[in-house]
Structure formats: C-alpha cells, structure tokens
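**Q** Sequence first, predicted coordinates after that:
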Amino acid sequence: MAVHAEKYEEIIHELGDVKLVAVSKLKTVDEIKELYSLGQRDFGENYVQELTEKQAALPNDIRWHLIGHLQSNKVKYIAAFIHMIQSVDSVNLLKEINKQAAKAGRVIDVLLQIHIAKEETKFGLDEQELNRLLNSANEFRNVRVKGLMGMASFTAEQEQVRNEFRYLKWLFDKYGQQSSQQFEILSMGMSGDYKIAVGEGSNMVRIGSLLFGNR
C-alpha cells in the first residue's frame with residue numbers, strides 16, 4: 001500500500017509546530033522508507049519485536065517512539081536506541097527503564113500514559129497514580145519524564161473526546177508547574193481526532209491510517 005504523500009504534506013502544513021509521530025505498526029520497511037524520503041523522522045511502534053526488526057533495517061537517524069503497552073521484561077531490547085517511550089503506566093516500568101537506560105549509558109525520555117477514555121481496556125494512570133509516580137520519578141537518573149500521553153474514547157461523540165483531551169491538558173498544566181521534571185510534551189490525538197486534540201493544546205500527535213491507508 002502506497003504512502004499518501006499529498007496527505008502527508010497537507011497534515012505537516014496543517015500541524016505547524018505540532019510534532020507528528022507517524023504510526024508505522026504493521027507497516028513494511030519499504031512503506032516507512034517512503035515516508036522517510038518525504039522527510040519524516042519520528043515513527044511510532046506498538047510491539048517491541050517488530051520495532052527491533054525495523055530499527056535494524058532502517059536509517060539510524062529515525063527517532064523511534066514506543067507507543068503501545070510495554071512489558072518490563074521487554075525494555076532491555078529497545079533501551080540502546082529508543083528515542084521516547086510514550087506509554088509508561090507504572091512505577092515498576094519506570095524503574096526498569098531507568099535500570100536498562102543506565103546499562104546502555106543513556107537517559108531515556110518518557111511520557112506518562114494517562115487513562116482518559118471511558119473504555120476500560122485502555123491502559124494508563126489516574127490522577128492519584130500520576131502524582132505518586134511523579135514523586136518517585138525524581139529518584140531515577142536515567143529517565144526524563146517529558147510529559148503526558150493519552151488516548152480519547154473511540155466514539156463519534158466529539159464533545160466527549162474534547163472533554164477528555166481538555167482534562168488531559170489540565171493535568172499537564174497542573175503537574176507541569178509542580179514537577180521538577182521537564183514537562184514539555186503533551187501527546188494526544190490520532191488519525192480520527194487529532195484536530196480536536198490540537199485545538200485542546202496537544203503538541204504531539206500520533207497518526208497512522210491517514211498517512212499509510214487503513215490496515
């Protein structure tokens with residue numbers, strides 16, 4: 001399936017200063033190369049095995065983002081090269097990232113995933129857990145908490161989606177002011193709702209199907 005080059009250029013122009021992470025899970029190396037040739041450098045993957053295979057086959061200046069649920073025992077496979085882990089949802093995972101980053105002689109940037117959707121299946125922290133995790137994050141020298149990530153409910157109710165993004169932005173502002181961490185990134189918005197997300201203050205969106213076509 002060919003990359004939608006015109007759509008890519010349109011989205012890049014529309015986003016302005018908002019960072020685009022191209023969601024490339026289940027996409028081929030050739031498809032990623034096609035988007036890379038248009039200038040895209042940030043790519044998001046959900047699965048560690050798929051990510052490591054692609055990383056080995058693609059240019060070194062790609063900034064890889066792990067955006068899917070990450071098990072602690074898989075961190076060691078990506079610690080040497082991952083640009084950002086966007087799906088940190090527990091202190092134990094943060095500890096393991098810190099440990100593996102130290103072994104790799106790196107500091108790894110992470111986002112804390114917040115549960116904002118109505119669906120129970122989505123991962124993420126609530127506000128109390130966010131507060132506790134931020135307090136313990138100061139102990140870790142090899143991770144940098146750069147901000148928050150969240151996924152809105154999968155619904156046609158735009159007002160619900162807007163309210164969920166608005167709540168995440170409120171948390172981002174509140175804890176960004178309190179935190180000693182370098183809160184800079186609010187990653188919210190995907191192919192179906194990124195325009196709402198940007199309107200509510202997102203500065204990073206994760207878009208796949210609009211760029212690559214539906215899976």
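**A** Done, it's in. Numbers count the residues shown, from 1 in each chain.
**Q** Would you mind listing the residues in contact with the residue nearest the centre of the chain?
**A** Residue closest to the mean C-alpha point of the chain, counted by CA atoms, centre = their mean, is Gln86 at 3.8 Å. Listed by CB atoms under 8 Å, 6 or more residues apart in numbering, the contact partners of Gln86 are Gly44, His65, Leu66, Ile67, Val110, Leu111, Gln113, Met149, Ser187, Arg206. (Each C-beta comes from the backbone N, C-alpha and C, glycine too.)
**Q** any chance you could map the helices in the protein?
**A** In the chain, the segments counted as helices under DSSP state H are 5-15, 29-37, 48-57, 91-103, 127-137, 158-178, 194-199, 209-212.
**Q** Buried residues, the shortest one. List them.
**A** Spelled out, it's helix 209-212. Leu210, Leu211, Phe212 (16 or more other CB atoms under 10 Å).
**Q** Excluding sequence neighbours, find me the nearest residue to the last one.
**A** The spatially closest residue to Phe212, leaving aside those adjacent along the chain, is Lys27, at 5.4 Å (CB to CB, 6 or more residues apart in numbering).
**Q** what's the distance between the one you found and Glu50?
**A** Plainly put, Lys27 is 9 Å away from Glu50 if you go by CB to CB, to the nearest Å.
**Q** Neighbour count: those two, which is higher?
**A** Lys27 (23 against 15; other CB atoms under 10 Å).
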